[in-house]
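Engineer: build me a model:
(one chain, ligands or ions: 2)
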Amino acid sequence: MSHFSFDNPHLTLAPSLLAADFACLDSQLKTLSENNMKWLHVDVMDGHFVPNLSFGPPVISHLKDKGFFLDVHLMVEGRALDIPAYHKAGADAITIHLEACQNPMHYLQEIRDLGLRAGISLKPETPFDAVLPFLAHIDLLLIMTVSPGFGGQEFRETCLDKIEEAARMQKDEKNKFLISVDGGITPQTASLCKRAGAQVFVAGTSIFKGQIAQNLQTFEEVLHG
Ligand code: DX5
Ligand code: ZN
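Structural biologist: Ligands and ions are numbered 1, 2, ... in the order given. Next up is the predicted model:
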């Protein structure tokens with residue numbers, strides 16, 4: 001169970017597990033909790049949809065009882081889009097990629113039928129219009145600000161327009177999704193995304209590289225200062 005309130009999220013920083021040091025994961029997770037982090041972003045990669053492999057349900061299930069809202073970002077296609085397996089592993093939200101399946105609505109419905117928050121993600125080169133038919137059926141719109149597959153890449157400023165378009169669509173009361181950004185998020189780029197209308201800020205490298213507590217403090221000043 002997580003202590004995160006999805007309906008009243010304010011601006012949320014979401015540490016991305018991909019950049020954690022798995023040799024001392026427990027102590028890093030403890031530092032995140034002690035610094036008031038409620039949300040954990042979990043990147044699943046299949047080596048097909050993206051040219052990299054990460055982890056799947058068995059690893060995620062170890063995070064189930066740590067008190068975080070588990071935001072599972074599926075960069076997978078085909079058989080790996082096994083929604084019940086991520087539900088069983090403890091996901092609170094599951095985000096699929098628009099480009100990874102022919103019938104995104106089927107998966108969004110499956111996610112919601114399991115009582116989870118449903119998200120959809122767009123690669124940087126996918127035009128915003130492609131997601132329009134799904135906006136009334138999602139809880140989370142994950143706008144990729146780098147090419148999915150690897151941490152540590154540079155933020156693409158061209159994605160800011162997409163965030164602004166999403167923020168405009170949020171004004172329609174049918175649309176109740178949160179806008180999340182992912183890739184190359186630093187305190188500086190988070191500030192640009194905040195101005196464009198983002199609400200959830202996924203960050204790996206810039207949280208886990210160096211002193212975690214200090215990095216979180218710098219983000220805190222930008223997001224809530
Ligand atoms: C990339 C992943 C990201 C990644 C972000 O495909 O979706 O969540 O962990 O890493 P940074 O913050 O290092 O760009
Ligand atoms: Zn991600």
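
Engineer: Tyr107 against Leu98, yeah?
Structural biologist: No: in this structure, Tyr107 is not within contact of Leu98 by Cβ atoms under 8 Å, at 10.3 Å. Heads up, the C-betas are built off the backbone N, CA and C, glycines and all.

Engineer: these two: which has the busier surroundings?
Structural biologist: Higher neighbour count among Tyr107 and Leu98: Tyr107, with 20 against 16, using other Cβ atoms under 10 Å.

Engineer: in three-state terms, how would that one be classified?
Structural biologist: Taken by DSSP: H, G, I helix; E, B strand; the rest coil, the conformation at Tyr107 corresponds to helix.

Engineer: read off the pLDDT value for the spatially closest residue to it that is not a sequence neighbour.
Structural biologist: Among residues not flanking Tyr107 along the chain, Ile96 sits closest, at 4.9 Å (Cβ to Cβ, 6 or more residues apart in numbering). Looking at Ile96, its pLDDT is 98.

Engineer: what's the helix or strand containing Ile96 packed up against?
Structural biologist: Using DSSP states H and E, Ile96 falls within strand 93-97. Identification of packing neighbours for strand 93-97 by 3 or more Cβ pairs under 8 Å, 6 or more residues apart in numbering; DSSP states H and E yields strand 69-75, helix 83-89, helix 104-113, strand 117-122, strand 140-144.

Engineer: and the helix or strand harbouring Asn215, what other elements does it pack with?
Structural biologist: Using DSSP H and E, Asn215 sits within helix 212-224. Applying 3+ Cβ pairs under 8 Å, 6+ apart, we find helix 212-224 packed against strand 12-15, helix 25-34, helix 187-196, strand 200-203, helix 205-208.

Engineer: check whether that helix contacts ligand 1.
Structural biologist: No: under the criterion of Cβ under 6 Å from any ligand atom, helix 212-224 makes no contact with ligand 1; the nearest approach is 11.2 Å.

Engineer: can you tell me the average pLDDT over that helix?
Structural biologist: Taken as a whole, helix 212-224 has an average pLDDT of 97.

Engineer: list the buried ones in it?
Structural biologist: By neighbour count on 16 or more other Cβ atoms under 10 Å, the buried set for helix 212-224 is 212, 215-216, 218-219, 222-223.

Engineer: and if you look at stretch 9-21?
Structural biologist: For stretch 9-21, a neighbour-count test (16+ other Cβ under 10 Å) marks 11-20 as buried.

Engineer: single out the residue in the protein that lies closest to ligand 2.
Structural biologist: Closest approach of the chain to ligand 2 (Cβ to the ion) occurs at His73, with a separation of 3.8 Å.

Engineer: how far away is that residue from Lys123?
Structural biologist: His73 is 12 Å from Lys123, where distance means Cβ to Cβ, to the nearest Å.

Engineer: follow-up on the earlier one: now the strand holding Ile96 - C-alpha only, PDB.
Structural biologist: Output of strand 93-97 as PDB, limited to C-alpha atoms (Å, rounded to 0.1, in the frame of the first residue of the first chain):
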ATOM      1  CA  ALA A  93      -0.200   2.600 -11.800                       C
ATOM      2  CA  ILE A  94       0.700   1.000 -15.200                       C
ATOM      3  CA  THR A  95       1.600   3.100 -18.200                       C
ATOM      4  CA  ILE A  96       1.700   1.500 -21.600                       C
ATOM      5  CA  HIS A  97       3.300   3.100 -24.700                       C
END
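
Engineer: fine by me, thanks again.
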